[in-house]
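Participant: Quick one: sequence plus predicted model below, questions after.
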Protein chains: 2
Amino acid sequence: MSPYIIFITPLAGVFALFFVVLFARWINKQDPGTPRMQEIASFIRQGANTFLRREFQTIAYFIVALTVILLIVFWPQWQIAFSFVCGAIASMLAIVIGMNVATRANVRTAQAARTLPGKALTIAFRGGATMGLTIVAFNLLGIALLAILFGVSPDNPENVSLLVGFGFGASLSSLFAQMGGGIFTKGADVGADLVGKVEVGIPEDDPRNAAVIADLVGDNVGDCAGRGADLFESGSDNLVATMILGLAFMNPMPEYSFPGYGFAAVLFPLLTRSIGAVGAVLGVLVVRGTGKRNPIASLNLGYFTTGIFSMIAFFALANWVMHDMRLFWCLTLGLGTALLSALIVQYYTGSNVRPVQEIAEAATSGPGVNIITGMAYGFESAVAPKILIALVNVAAYMIMGGGLPGFFGIAAATLGMTELKGIIMAGDAFGPIVDNAGGIAAMSGLSQEVGSSTAVLDTAGNIAKAITKGYSMSCALMTSVVILFTYITEMSRHLGQPLASIVYNSNFDLVDPVNITAIMIGSTIPFLFSAQTLHAVGRTTYKVVEEVRRQFREIPGLLEGKAKADYTQCVDIATRSALKGMIKPAVWGVIFPLAMGFFFGAWSLAAYLIGVKIVGATLAMFMFNSGGAWDNAKKFIEDGHLGGKGSETQRSSVIGDTVGDPLKDAVGPSLHILIKMQNILAITMLPLFLKYGLNLFH
Amino acid sequence: MSPYIIFITPLAGVFALFFVVLFARWINKQDPGTPRMQEIASFIRQGANTFLRREFQTIAYFIVALTVILLIVFWPQWQIAFSFVCGAIASMLAIVIGMNVATRANVRTAQAARTLPGKALTIAFRGGATMGLTIVAFNLLGIALLAILFGVSPDNPENVSLLVGFGFGASLSSLFAQMGGGIFTKGADVGADLVGKVEVGIPEDDPRNAAVIADLVGDNVGDCAGRGADLFESGSDNLVATMILGLAFMNPMPEYSFPGYGFAAVLFPLLTRSIGAVGAVLGVLVVRGTGKRNPIASLNLGYFTTGIFSMIAFFALANWVMHDMRLFWCLTLGLGTALLSALIVQYYTGSNVRPVQEIAEAATSGPGVNIITGMAYGFESAVAPKILIALVNVAAYMIMGGGLPGFFGIAAATLGMTELKGIIMAGDAFGPIVDNAGGIAAMSGLSQEVGSSTAVLDTAGNIAKAITKGYSMSCALMTSVVILFTYITEMSRHLGQPLASIVYNSNFDLVDPVNITAIMIGSTIPFLFSAQTLHAVGRTTYKVVEEVRRQFREIPGLLEGKAKADYTQCVDIATRSALKGMIKPAVWGVIFPLAMGFFFGAWSLAAYLIGVKIVGATLAMFMFNSGGAWDNAKKFIEDGHLGGKGSETQRSSVIGDTVGDPLKDAVGPSLHILIKMQNILAITMLPLFLKYGLNLFH
């Protein structure tokens, strides 16, 4: 393989960006609807942009502070700090672009839904696809260009480890983006519902409710930008970690029966990601609404196209570039697992399947039983996907014949899994666009006109969202395993000891009490983090509720529809509260691994990370799926089953949904990022831990 | 130290048993109250005994089947099967005795509350103490006598490993007892409330409610017998595991700087437990109500007395028997930790502290916010106790100077911790007796008379229960760490390899993908188990609700108080459903570790167990504390705060309590036992895994 192939990889990113521009221009040309619709859309856009701007200001302090620290501690090596800044900025830029297109697509989707339902799907999906493709493109471009800049080549392969800063930067800004957005959206959503639906008794998305714009802004900054940040982060971390891991597999080391792929081992992840960028574009292109076809079938066609293209390209890559067909099987295994784990999530959250129906039925015995049943299924739902991932882990390991090469197999499987990122994110960002379109229609008094066509899209959006969550959790779990391996290989490099002697070092022992202590401490972190995030959501909700109540009280004629609500004030309050709420958990998330690394040493830090990972992943799955199931049980009842709207059963199901909402949209997704951020932080700081760590107990 | 000291240890058990008989006779002599009170008490006693009889019949099938299996696979070694049967029977016998005294103490407490409130405390506490002392006594007697029977002596120390069957038997029957009792009590409790309080609008413990006796029976079979089984099990497992662990520390092995305690290493746990038995009796004796003193102060005096006595005896033991004062510090550390972790639980569940008050305030915004806030504090509450245990682990390890002797230090700390078992269990069993007393008074129309004095006792009972939960979780977590070490030392013995070479074997590696897979699988088990137990509670509740509704519908004059409800039918239905519900989770709980041991090998089984442990412990703490906090938030509101009884806020808080109840009383406590049962099962089956295991991936 020619080492110059590295110069080709950015082209795949440019290819994807080309379609981003194409789609953005195409969407902009669509009819933006009535003046009232445009006015509402501009409120949403302004609110979302204001939120992002302020959020980025807050993040900027942390970025600047950490850049300075990284510069100082790694001086004269400026590259880690530089790639840290690049990662943070690329993450923010990608979600700004994606969200800006989304906030233009929403109103156009609403307008198209009035006349051409088929076109509404295309607009919404392409709006989402812009986010998906931007993420894939920025990921690939950022890392490929930095690799070229840092002179990563067959002569200087170690420079690839400088890219770790990109992953850390992406992780940190994504953690803030997901948490800030998640707290904002759930605070606004629950707050709007509590006063609007419950206290005053006006419908959802009613213009008299001061929090209604905040709620619609939340869809964009939480569901769209937040999830985008999540996927950007797991893409970056995965790519960087597998490239660094590749270092260990460059040269043949016959004593450990290493494959010895040469420089291709380092480039392999970049190449699979280039395939992913092209595949995502192809997948997105085939999704279009005809007005006749079921939108879910359209989405499936997109997933299918990307999948088939990727498999063919994997074959070529494994056969002709890597000369190791086992890698093809590992990549395909990962790809298949991504689809399978999405199916499991659909079983637990789909409204036509037993769990959701049983939860809905439980609501007939009151909210308590509804919640207990949802929790029971939520607990259960974490079991199968995690055992699946665990077995895929060991399967990929065995495909490579076990031992150290098995690490590379697991890395390949995660690369196969992350392959679907672009198309999956397109489906996910499609959801909030459709949500927004419905909200805009309702606030413009056009609900009747668009009613049936947005409802169909809404169902498709919900399924796509459920798929994304199952998918992104699987990716997060697999990625964190790979990052752990990378951590070990980096340890070997920094200490100048053979990999095998590090891996099988007694300090990595399972029954070492210090490691058990570290695992125990790690296992509490997701609980601490969840508690802090939930508290932040609670406080934001409380403030929004107070503000909406105040406006109803103080603005004369508001309830009668004669005066206008002050939407900006509500957005502002939710923004402040969300930004304040995201700081504490993020800071603790950074401090804990640092403290573990310095006081317990680099070895026990790995144990700590395992504790964080396995508890965090299981807890997040519980949160996603129980949250999704409560939501869909509520929808199932509101669709006219078991008493339908206005019944006692529906009220019970709404309570379940109120509990599940912050879990599934604010806490769960942030847990993902926390897991990966701590892992990549550990790799970044590893040289310092090895040099200056106190390592008190070993 | 003379090896004949082993013959003295059963005497401490006999000493405790003597007080059991004394208390039981003393209680029987008290005034059992009016004929109506006696009638109700006899309903409760009959129901509880019927439940236990049927439960034991179900358990008997499993015990017989497993005994046969153990006999076959270990033939000609009959001792493991024999001690298995002894453990199972001792566990059942202890809770039968304890519960029978409790079901006599309840009515006498109610009667005393009418006339001599101070005496009511003494009766209730001594009723509970009977359970606590029976457990301590049977634990010690069973294990000491078996050790003598098996000829454990300086010449045949290895025979101590045959005792593992006792732990396994105790674990298995305790798992069933806790699960069956927990499902029964929560099904009956929630079912009774749903129809009685919510649908029909009659007060708690109203004789017209057919499920009310089932509810009171539940207090006995769930809270009293269930928790008793839990503590019996953790006592047995801990004692057996530390004795077997002692084997490795008998002989001086200078190359690892082993202490080399000789045969005293094996007897040390038995000796500390003997101290515990005497300490428990002393503690129980000082608790008596004067009618003036605050009951909590009385309880605290009991804990304090046991603690001080134990410390003095620990000093003697460490100094003159073990000749190693470091063990004194480890024992004392454990003792102190037990108290500290109980304090943390009190912070999170006490009604005069911030968490509960904030949860109660959240209920003013509706049940959703109430539940979310409770969850947030529940998540948070798992952090501090677990980090505490983790640090105690490493502290005990360091006291012994780290390395392999550190294992013994950790074992000593757990022994110090379990020292309080008797007195703590006395406080816990006191709770259901007081509950029952209140129920009997209410059903006999004497609520007014006893009102204030049972309310004071009730508060004390709640605090004692909260302490027990924090305490028993800490014990479970520490014990499972020790069992893991024992597992490793047993591995060394079975393989005939030096301990250090096993501990630091590369197959125990943290980053081995097979071990990571095993940890991941293990970490899902508590979720699977929780889901199945919660489902069982849900189904039982549903059946109880149906039956109470049926009786109101079909028995003419029931609602008007002219006809009698058929209590037996309700008890019967709840019994059937609970016994059916406990089988599935228990069977899976046994199958998983067996499958891991056979397919993944003995090494990865240890990793699996770590996964089970750390997730299970954290989850259980979340369940206990959020459940306790919701309960106390409800009580706080019902005491007249934030609107008091009948307000919308109170209704919201009741919903939170309905969610928390099955978590804290059925699922959480069963998780404890699951963790320890799987650990002790692993040790029992270890020789088979080593001999016949497939070990597919290593």
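Facilitator: Received the coordinates, thanks. Just so it is clear, the model here is predicted, and its values are computed rather than measured.

Participant: Where does residue A:539 sit, in terms of helix or strand?
Facilitator: Using DSSP states H and E, residue A:539 sits within helix A:513-554.

Participant: And that helix, how far out from the chain middle?
Facilitator: Centroid separation for helix A:513-554 versus its chain: 19 Å, with C-alpha atoms, centre = their mean, to the nearest Å.

Participant: which phi and psi does the most centrally placed residue in chain A have?
Facilitator: Nearest to the mean C-alpha position of chain A, by C-alpha atoms, centre = their mean, lies residue A:230 at 2.8 Å. Phi and psi for residue A:230, reported as degrees, to the nearest 10, are phi -60, psi -50.

Participant: measure residue A:249 to residue B:22 for me?
Facilitator: Going from residue A:249 to residue B:22 by C-beta to C-beta, to the nearest Å gives 73 Å. Bear in mind the C-beta positions are built from the backbone N, C-alpha and C, glycine included.

Participant: More neighbours: those two, which one.
Facilitator: residue A:249 (24 against 14; other C-beta atoms under 10 Å in any protein chain shown).

Participant: OK, contacts around the more buried one?
Facilitator: A:258-261, A:265, A:405, A:408 (C-beta atoms under 8 Å, 6 or more residues apart in numbering or on different chains).

Participant: Could you dump the residues you listed into JSON lines and include pLDDT, distance to residue A:648 and secondary structure?
Facilitator: Converted to JSON lines, the contacts of residue A:249 look like this (pLDDT from 0 to 100; distance: C-beta to C-beta, whole Å; DSSP: H, G, I helix; E, B strand; the rest coil):
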{"residue": "A:258", "pLDDT": "71", "distance to residue A:648": "65", "secondary structure": "coil"}
{"residue": "A:259", "pLDDT": "75", "distance to residue A:648": "64", "secondary structure": "coil"}
{"residue": "A:260", "pLDDT": "82", "distance to residue A:648": "68", "secondary structure": "coil"}
{"residue": "A:261", "pLDDT": "88", "distance to residue A:648": "64", "secondary structure": "coil"}
{"residue": "A:265", "pLDDT": "92", "distance to residue A:648": "62", "secondary structure": "helix"}
{"residue": "A:405", "pLDDT": "87", "distance to residue A:648": "60", "secondary structure": "helix"}
{"residue": "A:408", "pLDDT": "93", "distance to residue A:648": "57", "secondary structure": "helix"}
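
Participant: Just among the residues you listed, which is most surrounded?
Facilitator: Counting neighbours by other C-beta under 10 Å, residue A:408 leads the contacts of residue A:249 with 28 neighbours.

Participant: Assign the closest residue in space to it that isn't next to it in sequence to helix, strand or coil.
Facilitator: Closest residue to residue A:408 apart from its sequence neighbours, by C-beta to C-beta, 6 or more residues apart in numbering or on different chains: residue A:249 at 5.2 Å. Following DSSP: H, G, I helix; E, B strand; the rest coil, residue A:249 is assigned to coil.

Participant: Go ahead and confirm residue A:605 touches residue A:688.
Facilitator: No: with contact defined as C-beta atoms under 8 Å, residue A:605 does not reach residue A:688; the gap is 11.4 Å.

Participant: what's stretch A:22-31 in contact with?
Facilitator: Stretch A:22-31 has contacts (C-beta under 8 Å, 6+ apart) with A:101, A:104-105, A:108, A:111-112, A:119, A:123, A:126-127, A:129-130, A:133, A:284.

Participant: so which strand or helix has residue A:642?
Facilitator: Per DSSP H and E, residue A:642 falls between elements, in no helix or strand.

Participant: lowest-pLDDT helix or strand in chain A?
Facilitator: Every helix and strand in chain A was compared by mean pLDDT, DSSP states H and E; the lowest is helix A:499-503, with a mean of 79.

Participant: Name the residues of it that come out as buried.
Facilitator: Going by neighbour count (16 or more other C-beta atoms under 10 Å in any protein chain shown), the buried part of helix A:499-503 is A:499-500, A:502-503.

Participant: what do you get for stretch A:647-654?
Facilitator: Residues of stretch A:647-654 classed as buried by neighbour count (16+ other C-beta under 10 Å): A:647, A:649-654.

Participant: Let me know the closest of the residues you listed to residue A:337.
Facilitator: Closest approach to residue A:337 among the buried residues of stretch A:647-654 (C-beta to C-beta): residue A:653, at 32.6 Å.

Participant: I'd guessed the closest one sits against residue A:632; true?
Facilitator: No: contact criterion C-beta under 8 Å: residue A:653 and residue A:632 do not qualify, at 9.7 Å.

Participant: pLDDT score assigned to residue A:512?
Facilitator: On pLDDT, residue A:512 comes in at 87.

Participant: on that earlier part again, between residue A:605 and residue A:688, what contacts are shared?
Facilitator: Common contact partners of residue A:605 and residue A:688 (C-beta under 8 Å, 6+ apart): residue A:597.

Participant: So for those two, which residue has more residues nearby?
Facilitator: Counted by other C-beta under 10 Å, residue A:605 and residue A:688 do not tie: residue A:605 has more neighbours, with 31 against 15.

Participant: any idea how far chain B is from that one?
Facilitator: Remark: distance between residue A:605 and chain B (C-beta to the nearest C-beta, to the nearest Å) = 11 Å.

Participant: ok, now which ones touch that residue?
Facilitator: A:518, A:593, A:596-597, A:682, A:689.

Participant: Residue A:671 versus that one, what's the distance?
Facilitator: Using C-beta to C-beta, residue A:605 is found at 19 Å from residue A:671.

Participant: what do you get for residue A:601?
Facilitator: 26 Å.

Participant: Who has more neighbours out of these two?
Facilitator: Neighbour count, other C-beta under 10 Å: between residue A:601 and residue A:671, residue A:671 has more, with 26 against 22.

Participant: so that one touches residue A:619, yeah?
Facilitator: Yes: the pair residue A:671 / residue A:619 is scored as a contact, 6.3 Å apart, by C-beta under 8 Å.

Participant: okay, and the common contacts of those two?
Facilitator: Residues touching both residue A:671 and residue A:619 by C-beta under 8 Å, 6+ apart: A:526, A:530.

Participant: The residue in the stretch 201-350 of chain A that chain B sits nearest to: neighbouring residues, count only.
Facilitator: Residue of the stretch 201-350 of chain A nearest chain B, by C-beta to the nearest C-beta: residue A:348 (10.9 Å). Using other C-beta under 10 Å, residue A:348 has 26 neighbouring residues.

Participant: Please report the distance of it from residue B:74.
Facilitator: Residue A:348 sits 42 Å away from residue B:74, going by C-beta to C-beta.

Participant: Next, give phi and psi for the nearest residue to residue A:487 once chain neighbours are set aside.
Facilitator: Spatial nearest neighbour of residue A:487, excluding adjacent residues (C-beta to C-beta, 6+ apart): residue A:683 at 5.2 Å. Backbone torsions of residue A:683, given as degrees, to the nearest 10, read phi -70, psi -40.

Participant: I figured residue A:683 hits residue A:483, correct?
Facilitator: Yes: contact criterion C-beta under 8 Å: residue A:683 and residue A:483 qualify, at 6.6 Å.

Participant: between the two, which one's more packed in?
Facilitator: Using other C-beta under 10 Å, the more surrounded residue of residue A:683 and residue A:483 is residue A:483, with 30 against 24.

Participant: Where does that one sit, in terms of helix or strand?
Facilitator: helix A:447-495.

Participant: what angle sits between that helix and helix B:513-554?
Facilitator: Relative orientation of helix A:447-495 and helix B:513-554, computed by axes from the mean of the first three to the mean of the last three C-alpha atoms, to 10 degrees: 150 degrees.

Participant: dump the residue contacts of the residue of the stretch 301-450 of chain A found nearest chain B.
Facilitator: Taking C-beta to the nearest C-beta, chain B has its nearest neighbour within the stretch 301-450 of chain A at residue A:368, 2.9 Å off. Listed by C-beta under 8 Å, 6+ apart, the contact partners of residue A:368 are B:190, B:194, B:654-655, B:658-659.

Participant: Many thanks, we can stop here.
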